[in-house]
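1. Provided below are the primary sequence and the corresponding predicted coordinates.
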Amino acid sequence: MAGDIEAHPGLPTPTPLSDYDRTGDVARSRHFGDLLFQSLTSLGAVILVAVVASILALLIWKSLPAMQRFGVGFIASSDWDPLHDRYGAWPSIYGTLVTTAIAMSVAVPLALVTALFLVDLSPPWLSRIVGTGLELLAAVPSIIYGMWGMTVFASFMQRWVEPALANTLGFLPLFQGSFNGMGMLTAGLILALMVLPYICAVSRDVFRMTPGVLKESAYGMGATTWEVTRDVTIPYGMRGILGAVFLGLARAIGETMAVTFVIGDNRNVATSLFASGNTISSTLANQFNEAAGLKYSVLVELGLVLFMITVAFEIAAHLWLRRLRNAGGR
Amino acid sequence: MKPIFVSAAVALCAVAGCSGSDSTTIHGAGASFPYPIYSKWAYTFEQLDGARINYQSIGSSAGINQVKDRTVNFGASDAPLDKKELDAAGLVQFPLVIGGIVPVVHLSGVKAGELKLSPEVLANIFLGEITKWNDSAIVALNPDGKLPDVAITPVRRSDGSGTTWIYTNYLSAVSSPWKERIGAGKEVSWPAASVGGKGNEGVAANVTQIDGSIGYVEYAYAVQNKMTHVQLQNKAGKFVEPSLEAFSAAAKNADWAGTPGFAVALIDQPGDDTWPIVGASFILLHNDQPDRAVAAKMLKFFDWCFKHGGDAAKNLHFVPIPADVYTLVEADWDKQIQSGGKPIER
Amino acid sequence: MMAVGSPVSQAIASGSASDMAPRSIAWRRSIDWAVRVFATLSACIGLVALTWILMTVCLRGGQALSWRFVTQLPTPPGVPGGGVSNAIVGTCLMTALAALVGVPLGLLAGVYLAEYGKNSPAAVAVRFAANILMGTPSILIGVFVNVLLVSPPLGLGHYSGYAGAAALAIIVLPVVARTSEDMLRLVPDTLRESALALGCPRWRMTLDIIFRAARGGLLTGVILAIARVSGETAPLLFTALNSEYSVRSLNEQTANLTVFIANKGQSPYVDWQQMAWGAALLITLGVLSLILFARFILRERKS
């Protein structure tokens, strides 16, 4: 090895430098540790994909009878006559989209601004209490949301909110027609209440993780709290915020029990938000226990349609994120 | 920190592990209609005998599927299977309890048992043909009732259910327009103007909330929630109020012996005091039982329910199976149920 | 990292302090004030809704809470003294098992996405899969596990608590994976670079340093996932179902609080309905203690 100490006659044999050089050993053990760790993480990822793929495979397999029977027209059809084996997915798809839209348009701004409040505006003790309270909201069983919605919230909507909306915004087709406290608006608002904790709790942590040095340098230049949030915190955590929003969206789309209790179940596609309707998940919750044969297959196919809707949202979010990334140069 | 978790987990398992006797648990699942009375019977039976009978309500169709798959020991269904299906699946079927379904209304000024309805009017209301409470057809039946000029909101089930099956079978039996346009089943294509509620509880909540509404619920819900039930005209032309006696009257006249699998419809039965919307809830089990001890215990439980469960049933607003009927049922057991080729001793 | 074109950066770019005239400052301050008010109001709305539901649960459930409620088995309607002891045990066991399986797997997947995969096509696929799994209705996950673990021919031939735990684990997995990925990504790369420069092996850096930096957020993800599954009914209906008796083994139908609530809450009997609200209160209290315990453990480690 280069740099070896030369042997001198009369002196004890020097230990070759290579014996002192431990880099090889450390590199080998580090390499092994890293390899093991990386394999484990890849294993986690692979299991995740395997589970999703298996679920997808099962959905396709069990919905084949319905797919063969109804074809693509299933998606646009509004039929639903179990006794004569006529089924269509459109009212459920419509209801899913409408209730999710209501839920997200109410929950996202509310959640982000509340997260801002928790991180920047409120005293720490209040922030901890409210934060814990929000996480508790996520623990309330969805069936309780349903029961609470059916008894307490629906009467509240019927007595106060829906008449007020009908009086002020009644010129819009969205708020016309009769109302009884149950329907898509009520379902959408309960969904908003259910996803609010998720979006808020995650956004709060995202905001908290903005490096202090970035915010401080902005404050140092005289920016106000809002400006720091708008120009520093949000862009830095945009990916995390989008993740939080998607967490809430996924919850809203897939929520079974709570919506079922208050949406009233109707197969008509009405423009008014006061009207009853149904979502894919509520149809599943209502009908799965008593379904057999073709109806079972139809329900599984509805689940598959929901899968596809989630895929569509996911693609849209992915494209938007990529556009942001390219524009921001991060 | 880790030792805390390990010891907590061990403690939890220990707690979970060291309870209960060594008896096996017998599992049943199916209709939600009889869930309260089955759980009451199972509870009392466990105290007398020690056997754990665990009944869960998952719906009639699911119960049928589970017993066919043998994931549970017995299934329960509000809609009976016909002979063909029973033979194909190797199942024995018998009724275990009887209950009634009651139309309930929410109309200011109308008290429980005051409003009189005929079968045709009831069907037309749910068809959407009669839309207001002061319609001439309703007024004709209630000449001195003060019926307001309020729109009728029919409330029905949003989920598939045995209750709907019984109710729509009744409407199909008494109204040919209903039978042609809608039909009978666990879930039907209801006319657009109706509101759907999830479960009996959902229908009850909707009716309580919507003025001018009319729905149908199991008798227990009408009683417990103190709802406004109606008088219904039965086959004999008399107006009757729902009561346990009125439900028993329906069971008295049915042809149990002549119907395979006891699949009798207690709809619109004759008799002056008969309530017209009554249904039995059925138990399904395999005629070939793999475990002799389990089979013997199950039959002992059902026998006990027949002979000693009557009072508990009445307290919970159900009607027990009459003695002559369960004698036939038990004779059928002896004939059909076997384990390993030999009949079961009870 | 400031957005291009923001007033602050424009002011810097234009280079003159005199451009920040007093009127402009007042305008920016009033916007700031307006946002603060709006934020506080929104937080209040959130608080009102939160309190409303929790109050309902506490008031209705509080009536049912007693020592007997927690230690006795359920009773039929009309028989007083019933409780949910078996359901408490069942829910705890199944949730714990689901967390034991789902949380580590989710963390591993999250680390993969944040540290190793990043934007590679494989990682995109994994992220995709996680998002889709998150959006799947829990009832379908129950059906899936039912086909795999309960119903013949593939399954054991009977309901089981293990199947219930499996269904819950599947729900936990993507939530933990995605939130941990997002949190880990927020840790600045400078931290990673300095750790690696000091000779720290990759796995050590991730576990000791990055995890610690993202600790709060990671814990939130885990808490949200566990809170969610402790309130899920539909998947358990197809896997563990329920039991009226004590939990002797997870290899049979297992009692749990959520199906209990579904059964009793929708019955016509007042005592049963009260027990259902009591069970809901128990779930909320259980998750609350979990949150407090977890956050306490975390705080302790800071020193």
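-> Looks like it arrived, so ask away. Numbering: from 1, shown residues only, chains lettered A, B, ... in the order given.
2. When you work out contacts or count neighbours from here on, use the C-alpha atoms and nothing else.
-> Fine.
3. what does the stretch 151-300 of chain A put close to chain B?
-> Residues of the stretch 151-300 of chain A found near chain B (CA under 8 Å from any CA of the partner chain) are A:151, A:155, A:180, A:260-262, A:264-268, A:276, A:285-287, A:289-292.
4. I'd like to know which of these are part of helices.
-> If you go by DSSP state H, those have A:155, A:260-262, A:285-287 in helices.
5. Looking at the residues you listed, which one is closest to chain C?
-> Looking at these and their distance to chain C, the nearest is A:Ala285, at 7.2 Å (CA to the nearest CA).
6. Would you check that the closest one makes contact with A:Met257?
-> Yes. Look at A:Ala285 against A:Met257 with CA atoms under 8 Å: they come within range, at 6.7 Å.
7. tell me, what's touching those two both at once?
-> With contacts taken as CA atoms under 8 Å, 6 or more residues apart in numbering or on different chains, A:Ala285 and A:Met257 have C:Ala234 as neighbours in common.
8. Let's check: the centremost residue of the chain is which one?
-> As the question left the chain open, I've gone with chain A. Against the mean C-alpha coordinate of chain A, by CA atoms, centre = their mean, the closest residue is A:Leu247 at 2.0 Å.
9. that answer is for a different chain, and I need it for chain C
-> The C-alpha lying nearest the average C-alpha coordinate of chain C belongs to C:Leu224 (CA atoms, centre = their mean; 1.7 Å).
10. What strand or helix carries B:Lys280?
-> Rather than Lys, residue B:280 is Ala. Secondary-structure assignment from DSSP states H and E places B:Ala280 in strand B:278-286.
11. Give the partner strands of that strand in its sheet and their orientations.
-> Paired strands of strand B:278-286, with direction, are strand B:74-77 (antiparallel), strand B:91-106 (antiparallel) (DSSP bridges).
12. Residue 149: what's its closest spatial neighbour, skipping adjacent residues?
-> Since you didn't name a chain, this refers to chain A. Once flanking residues are discounted, A:Gly149 sits nearest to A:Val262: 6.5 Å by CA to CA, 6 or more residues apart in numbering or on different chains.
13. Switch to chain B, please.
-> Closest residue to B:Asp149 in three dimensions, ignoring its sequence neighbours and counting by CA to CA, 6+ apart: B:Asn134, at 5.4 Å.
14. Need the per-residue pLDDT for that neighbour.
-> The score at B:Asn134 is 89. That number is its pLDDT.
15. The one 3 residues further on now?
-> With respect to pLDDT, B:Ala137 scores 91.
16. So what touches the strand holding B:Ala280?
-> The list of residues contacting strand B:278-286 from outside it, by CA under 8 Å, 6+ apart, reads B:31, B:33-34, B:64, B:67-68, B:73-80, B:89-101, B:166, B:247, B:250, B:265-268, B:337.
17. Against which helices or strands is the helix or strand containing C:Phe296 packed?
-> Taking DSSP H and E as the criterion, C:Phe296 maps to helix C:270-301. Here helix C:270-301 is seen to pack against helix A:124-139, helix C:22-62, helix C:215-230, helix C:257-265 when contacts are counted using 3 or more CA pairs under 8 Å, 6 or more residues apart in numbering or on different chains; DSSP states H and E.
18. How about the third one and chain A, touching?
-> The reference is to helix C:215-230. Yes. Counting by CA under 8 Å from any CA, contacts between helix C:215-230 and chain A involve C:216-217, C:220-221, C:223-224, C:227-230.
19. Packing partners of that helix?
-> Helices and strands in packing contact with helix C:215-230 are listed as helix A:124-139, helix A:184-208, helix C:85-111, helix C:161-186, helix C:270-301; criterion 3+ CA pairs under 8 Å, 6+ apart.
20. buried residues in the longest one?
-> Of the residues in helix C:270-301, those scored as buried under the neighbour-count criterion (16 or more other CA atoms under 10 Å in any protein chain shown) are C:271-288, C:291, C:295.
21. what's the answer for the third one, then?
-> By neighbour count, with 16+ other CA under 10 Å as the criterion, the buried positions of helix C:85-111 are C:85-99, C:101-111.
22. Quick check, the residue in the stretch 151-300 of chain B closest to chain A?
-> As assessed by CA to the nearest CA, chain A sits closest to B:Asp159 within the stretch 151-300 of chain B, at 4.1 Å.
23. Now the terminal residues of stretch B:38-58, how far apart.
-> Start and end residues of stretch B:38-58 are separated by 13 Å (CA to CA, to the nearest Å).
24. quick one: contacts of it?
-> Contacts made with stretch B:38-58 from outside it, assessed by CA under 8 Å, 6+ apart, are listed as A:289, B:23-32, B:35, B:297, B:301, B:304-305, B:309, B:312, C:75-77, C:237, C:241-245, C:263.
25. related to what we said a few turns ago, starting at the chain centroid, how far to the strand holding B:Ala280?
-> Between the centre of strand B:278-286 and the centre of its host chain there is 9 Å, according to CA atoms, centre = their mean, to the nearest Å.
26. Now the element after it, going C-ward?
-> Where DSSP H and E defines the elements, the next helix or strand beyond strand B:278-286 is helix B:292-308.
27. Where in the chain is the helix or strand with the lowest mean pLDDT?
-> Answering for chain A, as no chain was given. Using mean pLDDT, DSSP states H and E, helix A:17-20 stands out as the lowest-scoring helix or strand of chain A, at a mean of 64.
28. try again with chain C
-> None of the helices or strands of chain C scores lower by mean pLDDT, DSSP H and E than helix C:7-14, at a mean of 54.
29. In terms of helix, strand or coil, where does the closest residue to chain C within chain B fall?
-> Ranked by CA to the nearest CA, the top residue of chain B for proximity to chain C is B:Thr71, at 4.4 Å. At B:Thr71 the chain is in coil, as set by DSSP: H, G, I helix; E, B strand; the rest coil.
30. what inclination does the strand holding B:Ala280 have with respect to helix B:292-308?
-> Taking axes from the mean of the first three to the mean of the last three CA atoms, to 10 degrees, strand B:278-286 and helix B:292-308 form an angle of 160 degrees between their directions.
31. So for strand B:278-286, mean pLDDT?
-> Mean pLDDT, taken over the full extent of strand B:278-286, equals 94.
32. With stretch A:252-267 instead?
-> Confidence over stretch A:252-267 (mean pLDDT, whole number) is 85.
33. Could you work out the end-to-end span of that stretch for me?
-> Terminal residues of stretch A:252-267 are spaced 20 Å apart (CA to CA).
34. tell me what the helix or strand that contains A:Leu306 is packed against?
-> When secondary structure is defined using DSSP H and E, the element that contains A:Leu306 is helix A:294-328. Using 3+ CA pairs under 8 Å, 6+ apart as the contact test, the elements touching helix A:294-328 are helix A:23-70, helix A:238-254, helix A:280-287, helix C:121-135.
35. low-scoring pLDDT stretches of the chain, where are they?
-> Looking at chain A here, since you left the chain open. Along chain A, the model assigns pLDDT under 70 to residues A:1-7, A:17-30, A:328-330.
36. actually it's chain C I care about, not the one you picked
-> Along chain C, segments meeting pLDDT under 70 span C:1-23, C:300-303.
37. which parts of it sit against chain B?
-> Taking CA under 8 Å from any CA as the measure of proximity, chain C contacts chain B at C:75-77, C:89, C:93, C:150-152, C:157-159, C:237, C:241-249, C:263, C:266-270.
38. Which ones among those residues lie within helices?
-> Among the residues of chain C next to chain B, the ones falling in helices (DSSP H) are C:89, C:93, C:237, C:263, C:270.
39. No further questions, thank you.
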